[in-house]
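>>> Predicted model and sequence below, questions to follow.
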Amino acid sequence: MTAAEVGIPSTRRSWRARWRDPHPRAIRVGPLSTRVDLRTLGVSGVLAAVVVIGLAWSVSVGDFPIPLRDVVGELTGLGGNRASSFIIQTLRLPRALTGLLIGAAFGISGQIFQRMVRNPLASPDILGVSSGAAVGAVLCIVAFAASSTMVTGGALVGAGLSVAAIYLLAIKKGLSSYRLVLIGIGITAMLNAVVAYLLTRAALYDAQRATVWLTGSLNGRGWEYVRPLTIVLGVLIPLSLVLARSLRSIELGDDTAQGLGVGIRRSKLALSLCGAGLAAVATAAAGPVAFVALVAPQIARRLVGDRAIGLVPAGLIGAAIVVFADVLARRLFSPTELPVGVITAVVGAPYLLWLLARSNRIGTGG
Amino acid sequence: MTSEQVGMEPIVTPGAEKPSRLVADHVHLAYEDHLVVDDLSIDIPTGKFTVIVGPNACGKSTLLRALARLLTPKSGSVLLDGEEIRRLPTRTVAQRLGILPQQPISPDGITVTDLVSRGRHPHQRWFRQWSKDDERAVEAALAATAISDLADRSVDELSGGQRQRVWIAMAIAQGTDIMLLDEPTTFLDLTHQIDVLDLLADLNKDNGRTVVCVLHDLNLACRYAHHLVAMKDGAIVARGTPAEVITQETVERVFDLDARIVEDPVSGTPLVVPIGRHHQPVAGTEPGSESDADTNAGTSAVNAS
């Protein structure tokens, strides 16, 4: 076989082979060049559409249903009436957008960690970021009966501290997969004990409020959440996308990656901080919405394969999960609203079990 | 350049035409507090096939890791083109020197082309992710290792020998003049060991690449090396051409092994025949009767033809 024949997508390849390995197309303009994986592009397009549909649906349904036509009119600024405008702009849209943003943050964060340490269990839920945030938030609720903005602040501080602890214990001395997961489990267990203690000391109302926070809820999230989230994600997501390029080398092992010119320590540290930061702000905004960070990357992997790093698909899947789960949480036992974390846990846990059972049977990890 | 380096003579291997590009200068290598290599200096001959041999835990892989800047010396320095390797940007090093670790990880389901193309990382930037050069280098690497027809296969499905070819193709795609390999033949059967070493010899001969390789098999090392380095307890015991290094005394000293050295009937390089406790050397292979060994070798070669 001559070199010229290699790399040119042959028409003989079966659809299955093309789906598995679609030969990314090179795009070159002068000195600039990139590669586009058509499968990732296609899947991302469909996912983006699903997220938009979810958003519109979420804004449309409720105790006061708003026809989709009005929703579209209001969102595109072309029409709508006063009453629906108030409900959309003040109540439903910021809530749905918060869900979209935290879902994306959880999805991307999970993807970064799972790819970096090659372990599907390495999601921020398990690494202690969520439980750090939980201690901060519950402390604010129980000890200071704080406002929701303060609770968010407390959660952010707690998440920050637990990230610092993970950094000192697990990352500083060279990051290894098992170490990170085990230390994360240890930190989580310790912090959960603190949360449990705080809850036993709390007044009934505070305890209930704390429990709702701990489940993960989008209730009452307004523009005051959407704006800072947009700004933080606007910085962290592009940064993650740039850093993620080194993941393609990092997953070949530390020595190989360094041999290929990746500053392994700095890259891993930067990626960990981005991933932890995304999880921290998302948790601070809505509580530790269960399983999103764990499940979204796994779904993404099945949809786009392993060639692509898949931060964008994982983020879109996370966003879609939270947006749809929140619609269910609001409407399932209407007028009683459930915290969104209940739905993601009820759907996510069986999925995780199925995943484990299936990978066991095939004999491949995760 | 720091002040200590001013006035340092370029280190030239005796007999080599080109100055050495990769030099270890009085390095002390340790993992945590465990000192593995104590005050070792070596210059790697440019454009030659160098093989490092030695018993287990003699520090040969540690030395290779240090030469590839995967391990920072506790003291002393590794110099690449006269500059301290740990002060050079890792990307710059990666454009000149490639390292294939002993057990690299191939991610689940990765295809051959995808893995080989990851060797292009040091030549890529966020704005230049897949240039024409990248594409050509990957195609050439696949062709050089004769795995072009496996391009779309998943690496998991390949045999050990094929997989090692894929990794070497990745190192070729990296396009470095210096290539370091840590025991590239260890888990392969004899046929594939020869296969891989032939491939490395091709790379050395056809492109003038400097190849440095850690090997276990002394006889294969003798066959392929221009320059053989024998290590024991973190120090170099002997170095030079295989004929200079592999003597009965060196093998005894380095490997604690009683052996006879005969001439390899195929390549004329030294062939180590270990004795062990259960055998006695037969007449004709006694030390000092090398002329007999030569005659025997000559006869068998005639018989074979």
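Great, that's in hand. Residues are numbered from 1 along each chain as shown, chains lettered A, B, ... in the order given.
>>> Please, where are all the helices along the stretch 1-150 of chain A?
Applying DSSP state H, counting those that start in this stretch to the stretch 1-150 of chain A gives helices spanning A:15-20, A:38-60, A:68-76, A:82-86, A:93-117, A:124-127, A:129-144, A:148-166.
>>> ok, the residue of chain A found nearest chain B - contacts?
Nearest to chain B, among the residues of chain A, is A:Gly261, at 3.0 Å (CB to the nearest CB). From N, CA and C alone the C-beta is placed, and that goes for glycine too. A:Gly261 sits next to A:Ser249, B:Thr90, B:Arg91, B:Thr92, B:Val93, B:Ala94, B:Gln95, B:His121, B:Pro122 when contact means CB atoms under 8 Å, 6 or more residues apart in numbering or on different chains.
>>> dump the residue contacts of A:Ala349.
Per CB under 8 Å, 6+ apart, neighbours of A:Ala349: A:Ala290, A:Phe291.
>>> picking that back up, looking at the contacts of A:Gly261, which is nearest A:Met150?
Distance to A:Met150, by CB to CB, is smallest for A:Ser249 among the contacts of A:Gly261, at 42.5 Å.
>>> From A:Leu121, how far out is that closest one?
According to CB to CB, to the nearest Å, A:Ser249 and A:Leu121 sit 23 Å apart.
>>> Name the residue in the two with the higher neighbour count.
Using other CB atoms under 10 Å in any protein chain shown, the more surrounded residue of A:Ser249 and A:Leu121 is A:Ser249, with 23 against 20.
>>> Need the three-state assignment for the residue of chain A closest to chain B.
Judged by DSSP: H, G, I helix; E, B strand; the rest coil, the three-state class of A:Gly261 is coil.
>>> give me every residue that touches the closest residue to it other than its chain neighbours.
Spatial nearest neighbour of A:Gly261, excluding adjacent residues (CB to CB, 6 or more residues apart in numbering or on different chains): B:Ala94 at 3.0 Å. B:Ala94 makes contacts with A:Gly259, A:Leu260, A:Gly261, B:His121, B:Pro122, B:Gln174, B:Thr176, as judged by CB under 8 Å, 6+ apart.
>>> any chance of those in JSON lines, plus distance to A:Arg301 and pLDDT?
Output for the contacts of B:Ala94, formatted as JSON lines (distance: CB to CB, whole Å; pLDDT from 0 to 100):
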{"residue": "A:Gly259", "distance to A:Arg301": "26", "pLDDT": "95"}
{"residue": "A:Leu260", "distance to A:Arg301": "23", "pLDDT": "95"}
{"residue": "A:Gly261", "distance to A:Arg301": "26", "pLDDT": "93"}
{"residue": "B:His121", "distance to A:Arg301": "22", "pLDDT": "94"}
{"residue": "B:Pro122", "distance to A:Arg301": "27", "pLDDT": "94"}
{"residue": "B:Gln174", "distance to A:Arg301": "27", "pLDDT": "96"}
{"residue": "B:Thr176", "distance to A:Arg301": "32", "pLDDT": "95"}
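>>> of those, closest to A:Ala56?
Using CB to CB, those come closest to A:Ala56 at B:His121, 41.4 Å.
>>> What residue, apart from its backbone neighbours, is nearest the closest one spatially?
Nearest-residue entry for B:His121: A:Leu260, 4.3 Å, with adjacent residues in sequence omitted and distances by CB to CB, 6+ apart.
>>> Could you say which helix or strand holds the residue of chain B found nearest chain A?
Here the residue of chain B nearest chain A is B:Ala94; by CB to the nearest CB that distance is 3.0 Å. Secondary structure from DSSP states H and E places B:Ala94 in helix B:90-96.
>>> If we go by neighbour counts, what in that helix is buried?
B:Thr90, B:Arg91, B:Val93, B:Ala94, B:Arg96 (16 or more other CB atoms under 10 Å in any protein chain shown).
>>> One more: stretch A:67-75?
Buried, per 16+ other CB under 10 Å, within stretch A:67-75: A:Asp70, A:Val71, A:Gly73, A:Glu74, A:Leu75.
>>> And for stretch A:27-42?
Of all the residues in stretch A:27-42, those buried under the rule 16+ other CB under 10 Å are A:Ser33, A:Thr34, A:Arg35, A:Asp37, A:Arg39, A:Thr40, A:Leu41.
>>> where are the low-confidence patches of the chain?
With no chain named, the answer covers chain A. By pLDDT under 70, the low-scoring segments of chain A are A:1-14, A:16-22, A:79-80, A:171-175, A:355, A:359-366.
>>> Chain B was what I was after
Along chain B, the model assigns pLDDT under 70 to residues B:1-17, B:283-305.
>>> repeat that for 80
B:1-17, B:282-305 (pLDDT under 80).
>>> which residue is nearest the middle of it?
Geometric centre of chain B, nearest residue: B:Cys213, 0.8 Å, by CA atoms, centre = their mean.
>>> That one contacts B:Lys48, doesn't it?
No: using CB atoms under 8 Å, B:Cys213 is not in contact with B:Lys48, being 11.2 Å away.
>>> Neighbours of B:Leu63, how many?
27.
>>> quick one: contacts for the closest residue in space to it that isn't next to it in sequence?
Excluding the flanking residues, the one nearest B:Leu63 by CB to CB, 6+ apart is B:Val37, at 5.9 Å. If a contact means CB under 8 Å, 6+ apart, then B:Val37 has B:Val27, B:His28, B:Leu29, B:Ala30, B:Gly59, B:Thr62, B:Leu63, B:Ala66, B:Gly234, B:Ala235 as its contacts.
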